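> Sequence below, structure please.
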Amino acid sequence: MKKKILLVDDEKTLVKTLTYNLEKDGYQVISAYDGEEALNKVESDNPDLIILDLMLPGVDGFEVCRRVRKSMDLPIIMLTAKGDDIDKILGLELGADDYLTKPFNPRELLARVKAILRRSEPQGSSLKNILKIQDLQVDLYQHKVRVKGEEIDLTSKEFALLNLMASNPGRVYSREQLLEQIWGYNYYGDARTVDVHIRHLREKIESDPSNPRYVLTVWGTGYKFREGR
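Model prediction:
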């Protein structure tokens, strides 16, 4: 079955170009030209991924992202015409998985779509694929995380970070290594992208995010998952 992508942008020429490229790669594309229409199509069409422009008429992309994140873990790639870091960081703060600054090469967008969907794909589960570390339980293949028995909702990127580090406890990863391994392509964004996702991950799985027990900072280098059980 084809993966369904919701493409949200008020630039109709860009929508037409990206739709052509996405459909050529085998995706089903649904279009929306403003934020309200996008939110309606999220409900009615149940897409697998959203490509979302920030600067939309009416309800902007930030608000669309915020509302989607309140109810579902749906991969979101944000598009922005601005080079301002604050837009990128705010988009990530609201739960976007990735961003691209216009203008961009459509092939780069396709590579990011493919990487995100591949990492979001559930696989079979077995007991050996469940990690238990104190109050934290991670099912590596069903993509489920529980803290003290309560299921926690993680974005696809947050889970991918936790999966990688929890599967390799004690190994130190630099921000650049995490960008390469989790984002899955030649990523040209700021390494602060990793810091934003790590902070959100800690807020969800740590009882005290400022004094983490699981995802530890290695000063001057990057991050690691705690060793031992």
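
> I figured residue 4 hits residue 30, correct?
Yes. Contact criterion Cβ atoms under 8 Å: residue 4 and residue 30 qualify, at 6.5 Å. C-beta here means a position set from N, CA and C on the backbone, and glycine is covered the same way.

> So between those two, which is more surrounded?
residue 30 (18 against 14; other Cβ atoms under 10 Å).

> Using PDB, write out every CA atom in whichever strand or helix holds the more buried one.
Using DSSP states H and E, residue 30 falls within strand 28-32. Taking C-alpha atoms only, strand 28-32 is exported to PDB below (Å, rounded to 0.1, in the frame of the first residue of the first chain):
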ATOM      1  CA  GLN A  28       0.100   9.100  -2.600                       C
ATOM      2  CA  VAL A  29      -0.200  12.900  -2.200                       C
ATOM      3  CA  ILE A  30      -3.000  14.900  -0.600                       C
ATOM      4  CA  SER A  31      -2.700  18.700  -0.900                       C
ATOM      5  CA  ALA A  32      -3.900  21.500   1.400                       C
END
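
> So which residues make contact with the next helix or strand after that strand?
As assigned by DSSP H and E, the chain's next helix or strand after strand 28-32 is helix 35-45. Applying Cβ atoms under 8 Å, 6 or more residues apart in numbering, the contact partners of helix 35-45 are 4, 6, 8, 30, 32, 47, 50, 52, 56-61, 63-64, 67-68, 72, 74.

> Now the buried members of the residues you listed.
6, 8, 30, 32, 47, 50, 52, 56, 59-61, 64, 67-68, 74 (16 or more other Cβ atoms under 10 Å).

> Pull the number of nearby residues for residue 175.
Using other Cβ under 10 Å, residue 175 has 17 other residues around it.

> can you check the one 4 residues further on too?
Counted with other Cβ under 10 Å, residues neighbouring residue 179 total 20.

> Tell me the confidence at residue 78?
If you check residue 78, the pLDDT there is 89.

> Repeat that for residue 121.
Note for residue 121: predicted pLDDT of 63.
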